[in-house]
Structures are given as C-alpha cells and as structure tokens.
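K.L.:
I'll drop the sequence and a predicted model, then ask my questions.
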Amino acid sequence: DPRDRIESMPNHTPRVLYIDDDPGLTRLVQKAMGRRGYEFENADTGEAGLEMIGASRFDVVALDHYLPTGTGLDVLKGMEGMEDRPAVVYVTGSAEMAIAVAALKSGATDFVPKSGTEEFMELLVASIDHAIDHVRLNRAKAKAEREVHEARERAEILLREVNHRVANSLAMVAALVGLQSNAVEDPEAKRALSETQVR
C-alpha cells in the first residue's frame with residue numbers, strides 16, 4: 001500500500017492544510033509551520049478545503065469556524081466517511097465554547113480559541129504538533145491491524161490447503177487399502193483391511 005510506504009519513511013514531512021479566509025493570519029500560520037518544518041497549504045473557503053483534502057493527503061487540517069460560505073462545522077460534515085481522514089484542529093472565537101464542543105463531537109481532534117495574540121499561535125502550533133502525533137499513532141495502529149488481518153487470512157488459506165492435501169492423501173490410502181482388500185482371499189484379512197479402510 002503506497003500510504004504505508006509514505007508513513008514508514010523516516011523523513012516524511014507532515015502536511016498541514018489551514019482553512020481560513022483571513023490572509024494576514026494565514027501568513028502567520030504559514031511562517032509558524034515553516035519554522036516547524038511542516039509542508040503548508042491553505043484554502044480560503046470550506047469547499048476549496050474539502051476539494052484539497054479529497055485530492056491530496058494531509059496529516060492535519062487547521063479549520064476556522066467562520067468561513068465565507070458556511071462554517072467549519074460544514075467542512076467537518078463534508079469530511080465524514082472519508083478514508084484516512086486527517087486530524088482536525090478547530091479554531092473558534094474565545095467565547096464560543098459551544099461551537100468548540102460541537103466541533104469535537106463532529107470529529108475534531110482539538111480546538112484552539114482564536115485571538116490575535118502570540119499565545120494563540122503557540123497554542124495552535126502545539127495543537128497541530130499533538131494532532132500530528134495522534135494521526136501517526138492512528139495510522140500505525142491501522143497498518144498493524146491490516147497486517148494482522150492479512151496474516152490471519154494467509155494462515156487460514158494455508159490451513160485449508162493443508163486440510164485439502166491431507167484429505168486427498170487419506171482418500172488415496174483408503175483406495176489402496178480397498179484394492180488390497182479385493183486382492184486378498186482370507187476372510188479375516190479382508191475384514192481387517194475393510195476396518196482399516198473405514199478408519
């Protein structure tokens with residue numbers, strides 16, 4: 001699986017998508033992600049963000065609540081059922097705890113109260129770091145579960161093949177014993193061979 005090869009590469013650079021229509025804040029987040037060595041892309045609408053998530057693999061999506069054509073909750077809803085979906089760090093206003101709770105219930109990994117302070121950037125970077133660790137652990141767990149499942153399937157196939165070969169071998173032995181029984185005249189020997197064939 002190519003996803004496993006990417007994830008197992010020690011120099012895999014985490015990819016972050018930031019969905020926000022504020023160009024000034026986007027530039028600040030981009031600089032912070034660059035300092036961490038992360039690949040950074042951004043979208044200014046939820047629709048563009050969903051399209052990018054569907055077309056490319058991201059480790060984390062940092063998602064603003066208020067977007068030009070809806071909210072971040074709409075984006076979370078659009079991500080439902082996506083295979084190997086990225087972790088989501090939800091960005092809300094500091095007084096909007098109900099929105100943050102709704103985002104967590106909709107699948108966000110974490111949330112960060114939005115403010116123009118340096119503390120916001122530190123919290124966002126820490127949350128993204130945590131989300132990247134979380135996604136790596138989940139992907140490693142999923143890979144291990146896939147490998148166990150595949151190994152179990154291989155073992156079951158081998159066991160069926162062994163059982164089939166043993167059954168064929170026993171059928172051949174029973175046929176040979178039957179032939180020998182037909183060639184023997186002694187009734188006691190015939191009975192013993194017949195019992196052996198039945199066994």
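P.N.:
Alright, I've got the coordinates. Not measured: the values here are computed from a predicted model.
K.L.:
Now the strand ranked longest in the chain - C-alpha only, CSV.
P.N.:
Longest strand in the chain by number of residues, with DSSP state E as the criterion: strand 87-93. Coordinates of each C-alpha in strand 87-93 appear next as CSV, following Å, rounded to 0.1, in the frame of the first residue of the first chain:
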residue,chain,number,x,y,z
ALA,A,87,-6.8,15.1,12.2
VAL,A,88,-8.7,18.5,12.6
VAL,A,89,-7.7,21.3,14.9
TYR,A,90,-10.7,23.6,15.1
VAL,A,91,-10.2,27.4,15.6
THR,A,92,-13.0,29.3,17.3
GLY,A,93,-13.5,32.6,19.0
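K.L.:
Quick check: which helices or strands does it pack against?
P.N.:
Secondary-structure packing of strand 87-93 (3 or more CB pairs under 8 Å, 6 or more residues apart in numbering; DSSP states H and E): strand 60-64, helix 72-79, helix 97-105, strand 110-114, helix 118-183. C-beta here means a position set from N, CA and C on the backbone, and glycine is covered the same way.
K.L.:
at 6 Å instead, please
P.N.:
If you count contacts as 3 or more CB pairs under 6 Å, 6 or more residues apart in numbering; DSSP states H and E, strand 87-93 packs onto strand 60-64, helix 97-105, strand 110-114, helix 118-183.
K.L.:
The third one vs strand 60-64, what angle?
P.N.:
Okay, so that is strand 110-114. 40 degrees (axes from the mean of the first three to the mean of the last three CA atoms, to 10 degrees).
K.L.:
If you average the pLDDT over strand 110-114, what comes out?
P.N.:
Taken as a whole, strand 110-114 carries a mean pLDDT of 87.
K.L.:
what residues does it touch?
P.N.:
The contact list for strand 110-114, computed with CB atoms under 6 Å, 6 or more residues apart in numbering, reads Val89, Tyr90, Val91, Thr92, Gly93, Ser94, Ala100, Ala103, Leu123, Leu124, Ser127.
K.L.:
Run through the residues that contact the closest residue to Ile99 other than its chain neighbours.
P.N.:
With CB to CB, 6 or more residues apart in numbering as the criterion, Ile99 has its nearest non-adjacent residue at 4.9 Å, and that residue is Thr92. If you count contacts by CB under 6 Å, 6+ apart, Thr92 has them with His65, Ile99, Ala100, Phe111.
K.L.:
Can you name the residues bridging to Thr92?
P.N.:
Pro113 (DSSP bridges).
K.L.:
how near is it to Val101?
P.N.:
Taking CB to CB, to the nearest Å as the measure, Thr92 falls 10 Å from Val101.
K.L.:
Over to Asn168?
P.N.:
63 Å.
K.L.:
neighbour-wise, which of the two wins?
P.N.:
Each of Asn168 and Val101 has its neighbours counted (other CB atoms under 10 Å); Val101 has more, 13 against 10.
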